[in-house]
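> Curious how this folds, go ahead:
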Amino acid sequence: MLVTRPLPEAADTAARLDARGYHPVLAPLLEITPKTVRLPPPGAVQAVLVASGHAVDYLPASHRSLRLLAVGDATAARARAAGHAEVWSAAGDAAALALLAGRLCDRRGAPLLLALGRGRGARLAAALAADGFRVICAEVYDAARVTTLPDAARRALHGTSLRAALFFSAETAQAFSALAASAGLAPRLGGVAALAIGAPAAASLAALPWREVRVAGQPNQEALLALLP
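Presented below is the predicted three-dimensional model:
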């Protein structure tokens, strides 16, 4: 099973695959690094919103007393483990996170702090603004695509035992599609199933000749792993 998500999440997925009797092959397609950013003081915002666990990793201790709204259960668990005092999970995607903010936060109150990666979160920020919230966007990390297909992925594709490839975001799906095509490895995918966490990821994989492309019923790891052949 090819795991394309970045570290450290890829290690967690690998452990889950191993426990189910699969052989995971780690081939991260994004490299996560922190960014230096000046955040508003905790008293200047009413809540923090995070659409990725990586954003949790780069929030300072000074903001752990704030209410934190997370896109899903895994991100919420990551926030609790990091010491955030009040954590709510949208148990879905960015649209679900915006709806959660609408239920829990005061549109007439202080701004919402949206902690995100470079170039991410524009639609979420726009949805929150359209719903009447003031939003402060803070890019706390960068997620850069790797420039070549990892050796582990190349070896797996040249072999005969690769059964499936797991994609946890549209961006990793796009990166894989471009790198596999440029490396001339697209013809090796005929016997491989692509498992996508959502429709955007599946759409990014559609141009490659997979055996099949399957989409998780919910945008989370457990739903994705439920697709395993």
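> Just the helices from the chain, written as ranges.
Remark: helices assigned in the chain by DSSP state H are 9-19, 53-57, 73-81, 94-104, 122-130, 151-158, 170-182, 199-205, 221-225.
> avg pLDDT for the third one?
Predicted confidence along helix 73-81 averages 95 (mean pLDDT).
> Figure out how far it is from the centre of its chain.
13 Å (C-alpha atoms, centre = their mean, to the nearest Å).
> List of residues touching that helix?
50-53, 56-57, 68, 70, 87-89, 91, 220-221 (C-beta atoms under 8 Å, 6 or more residues apart in numbering). Quick note: C-beta positions are derived from backbone N, CA and C, even for glycine.
> ok, back up a step: which one of the helices of the chain lies closest to residue 64?
helix 73-81 (8.6 Å; C-beta to C-beta).
> What residues of the closest one count as buried?
74-76, 78-80 (16 or more other C-beta atoms under 10 Å).
> Next, format the residues you listed as JSON lines and append distance to residue 3.
As requested, these are exported to JSON lines (distance: C-beta to C-beta, whole Å):
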{"residue": "74", "distance to residue 3": "15"}
{"residue": "75", "distance to residue 3": "18"}
{"residue": "76", "distance to residue 3": "22"}
{"residue": "78", "distance to residue 3": "18"}
{"residue": "79", "distance to residue 3": "23"}
{"residue": "80", "distance to residue 3": "25"}
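> Which one of the residues you listed is nearest to residue 153?
The nearest one, if we look at the buried residues of helix 73-81 relative to residue 153 and count by C-beta to C-beta, is residue 74, at 23.7 Å.
> Is residue 116 bridged to anything, and to what?
Counting by DSSP bridges, residue 116 forms beta bridges with residue 139.
> domains for this protein, by residue range?
Here the domain parsing of the chain from automatic domain parsing is 2-29+146-225, 33-144.
> Just checking the distance from the last one to the centre of its chain.
On the basis of C-alpha atoms, centre = their mean, the separation between the geometric centre of domain 33-144 and that of its chain is 14 Å.
> how long is it from one end to the other?
8 Å (C-alpha to C-alpha, to the nearest Å).
> The closest residue to residue 202 other than its chain neighbours bridge partners, please.
Spatial nearest neighbour of residue 202, excluding adjacent residues (C-beta to C-beta, 6 or more residues apart in numbering): residue 196 at 4.0 Å. Beta-bridge pairing for residue 196 (DSSP bridges): residue 167, residue 215.
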